[in-house]
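>>> Kindly return the folded structure for what I paste below:
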Amino acid sequence: ISTFFPKRLQGTALGLNAGLGNFGVTTMQIVIPVVMTLPLLGAFGGEPMTLVKDSGWLFGKIAAGTPTWIQNAGFAWVFSLVPLGALCWFGMNNLKTVSPNSGSPIVAFAKITYLYTLAFVPTIFMLWLYLPKPTGLGLLNMWVAIPLDILMALAVMRLAAFGEMKEGVKKQFAIFKDKHTWSLTALYIVTFGSFIGFSMALPLSMKVIFGVSHVPDANGVMQHTLNNPNAPTILAYAWIGPFVGAATRPIGGWISDKVGGSIVTQVITAVMALAAVAVGYVMMLAYGSATPEQYFPMFLGLFLVLFFASGIGNGSTFRTIGVIFDRTQAGPVLGWTSAVAAYGAFIAPVLIGQYIKAGAPQLAFYGFAVFYALCLVLNWWFYLRGNAYVKNP
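Here you go, the predicted model:
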């Protein structure tokens, strides 16, 4: 996308593109629960199963005993992917200045498949080392497995590329010599990493914290196993946060085109640090209450602040990347930062789950706030101080 638009429109163009793409999270959370209750493909869709526990969707609960076609969670995507694939085939073009030797479609698909395979092989290997037995070996923790996975994938692609691909990969790897690649990776973890991570973590937090009444046993030890009859319906609310984040991303890009991306990133990062502390505090109160639902409106409101700010920041950081890097490097940097930040979908739920299990869910969000504060300093040093490397890109 960045190569099709001038630098003055990078924020708006990238914000619209990625913002619409981010609506996939909301679409999944709204559409999938619905299509699973319908015989979407008739006899071709297979037999339904019976829903064992109450579930829910946008407009309320789906009662236990409802026939459920869980396979429709996969089949539903066919109705969007097939027409989108056709639109891509007939309506999209390569820029010769960026990809001069892409070859025929078959050759291009073969190259893409080969490079994806090179990335998947080390990923599968790292999953095997990370996942607990019997699925895997359980030898590595998250903080070791993720960096090793990234390093192995990069090494395999760098060493196994050949012919014209080798030259292309070599040019893309030049981004790792630029300090701005690393600073913007950290900043995009703040924004997109938080957006995608909280999209996964919000339903988990709602279920574990507000779906249970937290009461002490006879010995005064707090128990977290009694179902809360007044618990909010998770899927009636879980979609709102990703929707807000996706909707505000184009706005963030547009504002950044007007006032500069880094100043916008600075403001939203400060907001996210404060909101994360507040969310953590509310979670602490709810996790110690027999009636946690009383804290739910405040919890949801603060979470929406996080989504709103992260959406704005998604647009501002992408704008900064589009301005700093030239056309040949902007694409690889956008891809790299997005790939690393996407680990937020894994890290955030795992961290929050670990601290909930330890009885202190607030500590996860206090940790997020510390990370945001460090990135405030990073953003100021690189892009906002008097003699910044690049002034407010």
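
>>> Doesn't N101 lie inside a strand?
No. Using DSSP: H, G, I helix; E, B strand; the rest coil, the assignment for N101 is coil, not a strand.

>>> and it, how many neighbours?
Look at N101: counted by other Cβ atoms under 10 Å, it has 12 neighbours. C-beta coordinates here come from the backbone N, C-alpha and C atoms, glycine included.

>>> list the contacts for it?
For N101, the contact set (Cβ atoms under 8 Å, 6 or more residues apart in numbering) comprises E164.

>>> can you do 10 Å?
N101 is in contact with V107, A108, G163, E164, M165, E167, G168, counting by Cβ atoms under 10 Å, 6 or more residues apart in numbering.

>>> which ones are touching Q223?
So Q223 contacts V212, S213, H214, V215, P216, D217 (Cβ under 10 Å, 6+ apart).

>>> just to revisit the earlier point, looking at the contacts of N101, state which has the most neighbours.
Each of the contacts of N101 was scored for neighbours by other Cβ under 10 Å, and G168 scores highest at 18 neighbours.

>>> what helix or strand is that residue on?
helix 163-173 (DSSP states H and E).

>>> Touching that helix from outside, list them.
Contacts for helix 163-173 (Cβ under 10 Å, 6+ apart): 99-103, 107, 111, 114-115, 118, 154, 157-162, 328-329, 331-333, 335-336.

>>> Let me know whether M142 touches Q354 as I believe.
Yes. M142 lies in contact with Q354 (Cβ atoms under 10 Å); the separation is 9.2 Å.

>>> about what we covered before: among the contacts of Q223, name the buried ones.
With burial judged by 16 or more other Cβ atoms under 10 Å, the buried subset of the contacts of Q223 is V212, S213, H214.

>>> same question for the helix or strand hosting the last one, mean pLDDT?
H214 is part of strand 212-216, with elements assigned from DSSP H and E. For strand 212-216, mean pLDDT is 90.

>>> Output the contacting helices and strands for it.
Judged by 3 or more Cβ pairs under 10 Å, 6 or more residues apart in numbering; DSSP states H and E, strand 212-216 is in contact with strand 222-227, helix 261-287.

>>> now the ones you listed as JSON lines including distance to I321 and mean pLDDT?
JSON lines is the format used below for the helices and strands packed on strand 212-216 (distance: least, Cβ to Cβ, whole Å; pLDDT from 0 to 100):
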{"stretch": "strand 222-227", "distance to I321": "42", "mean pLDDT": "86"}
{"stretch": "helix 261-287", "distance to I321": "8", "mean pLDDT": "97"}
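
>>> Now render those as a markdown table, adding distance to F308.
Below are the helices and strands packed on strand 212-216 laid out as a markdown table (distance: least, Cβ to Cβ, whole Å):
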| stretch | distance to F308 |
| --- | --- |
| strand 222-227 | 30 |
| helix 261-287 | 8 |
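
>>> So which of these is nearest Y383?
Among these, helix 261-287 comes nearest to Y383, with 3.7 Å by Cβ to Cβ.

>>> And that closest one, how far out from the chain middle?
Its chain's C-alpha centre and that of helix 261-287 lie 17 Å apart, by Cα atoms, centre = their mean, to the nearest Å.
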